[in-house]
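K.L.:
dropping the sequence and predicted coords here.
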Amino acid sequence: MYLVSEDHMVQTLYQSLAKNIPESLKVYGSIFHIIHGNPFNLEILVDSWPDYHTVITRPKKEDMVDKLDQYTNTYHIFTKDLQKCKQFIEATEVIDWDQTIQIQGCQESLDESIRKIAASKSIQVEHLSNVLFVKDEIKQLATAESKCLTAMPEPKMFDRNQEFKLAPMSVSHAKLVNDNWELGLNEKSLNYVRRCIQNFPSFCLLNSEGDPITWSIMDQTGEIRMAYTLPKYRGKGAQTYLEIVIIRYLLKEKIPFFLHVAEKKKFLFNALLRVGFHDFLHGWNQWKLTPNNFS
C-alpha cells in the first residue's frame, strides 16, 4: 500500500486517470478536489507505484470516528485488475470493515469482489446501481486540450410570468435538501449535506419569497447530485434551466462533473442527451456495507 501525497505524484495520477473516464470518475473527481484545497480531508492510496492497478480515495482516519456514519466513511475505488483489487481492499488497513461504510465507483464489476469480502466478514451489503451521465469535455480537463471545451447553449428562462433568482445554496437550506433527498433523510446525512454546500458549487433558483424551488449540489467527487424540484414547479423546465446554468459554470471554471439518474426516471434522459451527455447503464454504483452487529 502506498500513500500518494507528493504534489507531482498526485498530478501524475490525476492525468493518468483521465484516460480511464468514465470508469475512474469517482476517484478522478475526488482527486481534483484534493488538488484544489482538499476540503473533505481525503487521502489517496494505490496498491503500487508508479504502475498502479487500484486507486482508492478515502477520508483520513482521524475523520472516521463515527462507526455509523456511512456518509463520512466513504471510499471511492477505481481498478484496472479486479483480482488484485480484491486482494488490496480485503486488507483491513485499506478499508475499515468494522464500520458502516459506503464504497462508490463507476465499475459494476466490483460487485462480486465486494460481496465475497462482505460474506467472509459477516457484513450486510446494499448495492445501488444507476445510469451515469458524462460529457466528452470532462476527459479533456487534465490535458492541454482543456482550452477547447465546448460551450453549452444559453439557457432559456422557463417561466416568464414569474421572477426567479439564481443563487448559491445556503447552509440554511440544508434541511430542505436533506428532507427531499432519497439517500438522506437522517441526521448524519444532514451533516453531510451541510459540508457539501459549504465546500462545493451548489446552486438553486429562489422564488419571490427567497425560498429555493429547485436545486443541485456537488459532492466531494465532483458529482452533481441531490437535485430536486418542488412539486409545484415540475414539468416546466426549471430543473433543466438550472442544470444548464450549472454546467456552463463548471465548464468555464474547468471543474470536472458528472451525474447519475435512476433507471425509473427515464423521462429525464432525453433532456440530458440533448445537451451533450452520454449515458452509461449501471455506470454509477454505491455499496452500503453494515457489520451484522450494527444492524
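P.N.:
In hand now; what should we look at?
K.L.:
any regions of the stretch 51-200 of the chain where pLDDT drops low?
P.N.:
142-162 (pLDDT under 70).
K.L.:
change it to 80
P.N.:
92, 139-163 (pLDDT under 80).
K.L.:
which residues sit against stretch 248-267?
P.N.:
Contact with stretch 248-267 is made by 22, 25, 28-29, 32, 130-135, 137-138, 141, 146, 149-152, 155, 201, 203, 218, 222-225, 227, 247, 268-269, 272, 281, 283-284, as judged by CB atoms under 8 Å, 6 or more residues apart in numbering. Where you see a C-beta, it was placed from the backbone N, CA and C, and this is true even at glycine.
K.L.:
next, the distance between the ends of it.
P.N.:
Stretch 248-267 has an end-to-end distance of 22 Å (CA to CA, to the nearest Å).
K.L.:
try stretch 39-50
P.N.:
OK, stretch 39-50 end separation, CA to CA: 26 Å.
K.L.:
check which residues of it are buried.
P.N.:
Applying a neighbour-count criterion of 16 or more other CB atoms under 10 Å, the buried positions in stretch 39-50 are 40, 42-47.
K.L.:
so which of those sit within strands?
P.N.:
In strands, judged by DSSP state E, the following of those are found: 42-46.
K.L.:
can I assume Thr214 sits in a strand?
P.N.:
Yes - if the criterion is DSSP: H, G, I helix; E, B strand; the rest coil, then Thr214 is within a strand.
K.L.:
now do the contacts for it.
P.N.:
204-205, 227-230, 233, 238-239, 242.
K.L.:
which segments of the protein make up each domain?
P.N.:
For the chain, the structural domains run 2-130+285-291, 135-281, going by the TED database.
K.L.:
quick one, longest helix in this protein?
P.N.:
In the chain, with assignment by DSSP state H, the single longest helix is helix 238-253.
K.L.:
ok, the contacts of Thr214 vs Glu90, which is closest?
P.N.:
Ala227 (35.2 Å; CB to CB).
K.L.:
in helices, which of the contacts of Thr214 appear?
P.N.:
Per DSSP H, the contacts of Thr214 map to helices at 238-239, 242.
K.L.:
re the thing from before, out of the contacts of stretch 248-267, which are buried?
P.N.:
Buried among those (16+ other CB under 10 Å): 22, 25, 28-29, 32, 130-135, 137-138, 141, 149, 152, 155, 201, 203, 218, 222-225, 227, 247, 268, 272, 283-284.
K.L.:
confirm that Cys85 sits in a strand.
P.N.:
No - using three-state DSSP, the assignment for Cys85 is helix, not a strand.
K.L.:
I'd say it and Ile77 touch.
P.N.:
Yes - taking CB atoms under 8 Å as the definition, Cys85 is a contact partner of Ile77 at 7.2 Å.
K.L.:
mind listing what's buried along the longest helix of the chain?
P.N.:
Applying 16+ other CB under 10 Å to helix 238-253 flags 238-248, 250-251 as buried.
K.L.:
sheet partners, orientation included, of the next helix or strand after it?
P.N.:
Going down the chain from helix 238-253, the next helix or strand is strand 259-261, by DSSP states H and E. Paired strands of strand 259-261, with direction, are strand 123-135 (antiparallel) (DSSP bridges).
K.L.:
need the CA coordinates for the partner strand. PDB is fine.
P.N.:
This file holds the C-alpha atoms of strand 123-135, laid out as PDB (Å, rounded to 0.1, in the frame of the first residue of the first chain):
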ATOM      1  CA  ILE A 123     -21.300  -7.800   6.600                       C
ATOM      2  CA  GLN A 124     -24.600  -6.900   5.000                       C
ATOM      3  CA  VAL A 125     -24.400  -5.400   1.500                       C
ATOM      4  CA  GLU A 126     -26.900  -3.000  -0.100                       C
ATOM      5  CA  HIS A 127     -25.900  -2.300  -3.800                       C
ATOM      6  CA  LEU A 128     -27.500   0.600  -5.700                       C
ATOM      7  CA  SER A 129     -26.700   0.900  -9.400                       C
ATOM      8  CA  ASN A 130     -27.900   3.800 -11.600                       C
ATOM      9  CA  VAL A 131     -27.300   5.300 -15.000                       C
ATOM     10  CA  LEU A 132     -24.100   7.500 -15.200                       C
ATOM     11  CA  PHE A 133     -24.200  10.700 -17.400                       C
ATOM     12  CA  VAL A 134     -20.900  12.200 -18.600                       C
ATOM     13  CA  LYS A 135     -19.900  14.900 -21.100                       C
END
